[in-house]
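[1] requesting a structural model of the entry that follows:
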Amino acid sequence: MAAVKSMLNLGINFMNAATLNEQINRFGFWSVVVVILSGVIAMFIPLDAPGGYTAAHADRVAWLSANRGVFIAGWVNQIVAMFSLSAVFFCGAWHVVDKNPLRAIIAALFILMSVMAFIIPKFMAVWTIPLLADTITAGAVGAAFADPLLRLLNVSIPFSLYTSFDYLGFWLYSVFALLVAGPLYGASGSAKSTKIAAVVLGVFGVIYQCMMVALFLGGIDPIDIEAYFIGASLLLLVHIMAMAVVFKKTD
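    Okay, the predicted model is just below:
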């Protein structure tokens with residue numbers, strides 16, 4: 001009788017694990033869909049005043065005040081994209097649990113930290129920045145405090161307090177990439193799409209770390225930071241497309 005119960009418990013655990021795998025893969029696939037949709041939406045919604053990096057502070061304040069709703073909508077869309085992309089990575093970490101559970105756990109922790117790094121500035125974009133611009137424009141109480149704070153929270157200048165959090169989030173993504181790429185490539189029964197996802201992820205991780213070193217050594221000018229780092233991050237689009245196939249096949 002004890003043997004029968006043991007076999008039944010084993011079967012139930014197996015079924016629960018299979019159901020969990022199915023749910024995670026389905027969640028990962030639809031997270032990819034949301035990332036792509038939010039990326040398309042982002043093409044039509046500005047995230048800063050025209051000119052971005054080179055825009056004058058007064059012009060930025062005027063634009064933010066006049067385009068408050070559009071600005072908030074754009075950054076809400078960025079929050080959705082960030083959560084969805086992080087979900088794709090988190091589900092990707094699940095795929096290497098059998099191969100290297102310790103790496104999978106550490107990688108998942110880095111994704112959780114990246115979410116915290118990203119959500120702080122993006123929430124400030126939705127909450128703080130529009131209020132600062134309105135306060136400055138109206139000359140209301142606190143305008144003298146709001147003006148320098150808005151300069152610190154410039155969403156385009158790569159060395160502002162705001163963008164520092166964003167680049168921190170991408171650096172955490174790159175550490176995740178280095179942790180997961182190897183086990184993902186060597187996962188048992190890996191399909192071609194899995195290997196492509198692993199290679200692209202590994203390349204992104206290596207390139208991002210190399211650019212960080214180049215930046216610290218003065219090899220990248222501040223005006224070129226966005227082009228280099230955001231350009232490298234486009235590799236993640238190839239990765240998530242490959243993972244969409246992985247998630248769908250294993251669903």
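
[2] give the contact list for the residue nearest the centre of the chain.
    With the centre of the chain defined as its mean C-alpha position, the nearest residue by C-alpha atoms, centre = their mean is Met82, 4.3 Å away. For Met82, the contacting residues are Val115, Phe118, Ile119, Lys122, Gly169, by C-beta atoms under 8 Å, 6 or more residues apart in numbering. Glycine gets a C-beta too; all of them are placed from N, C-alpha and C.

[3] which helix or strand contains it?
    helix 68-94 (DSSP states H and E).

[4] for Val141, same thing?
    Using DSSP H and E, Val141 maps to neither a helix nor a strand.

[5] pull the contacting residues for it.
    Contact analysis of Val141 by C-beta under 8 Å, 6+ apart lists Thr135.

[6] separation between it and Ala62?
    Distance of Val141 to Ala62, given as C-beta to C-beta, to the nearest Å: 20 Å.

[7] burial count for Val199?
    Applying other C-beta atoms under 10 Å, we find 16 other residues in the vicinity of Val199.

[8] Ile119 against Ile79, yeah?
    Yes. With contact defined as C-beta atoms under 8 Å, Ile119 reaches Ile79; the gap is 7.0 Å.

[9] for Ala133, see how far away Ala66 is.
    9 Å.

[10] in terms of neighbours, single out the busier of the two.
    Comparing Ala66 with Ala133 by neighbour count (other C-beta under 10 Å), the higher total belongs to Ala133, at 24 against 13.

[11] just for the stretch 51-200 of the chain, where's the confidence low?
    Along the stretch 51-200 of the chain, the model assigns pLDDT under 70 to residues 188-190.

[12] returning to what we had before: which ones among the contacts of Met82 map onto helices?
    Val115, Phe118, Ile119, Lys122, Gly169 (DSSP state H).

[13] next up, the contacts around the closest residue to the fourth one other than its chain neighbours.
    Meaning Lys122. Of all residues not flanking Lys122 in the chain, Ile79 sits nearest, at 4.9 Å (C-beta to C-beta, 6 or more residues apart in numbering). If you count contacts by C-beta under 8 Å, 6+ apart, Ile79 has them with Ile119, Lys122, Phe123, Val126.
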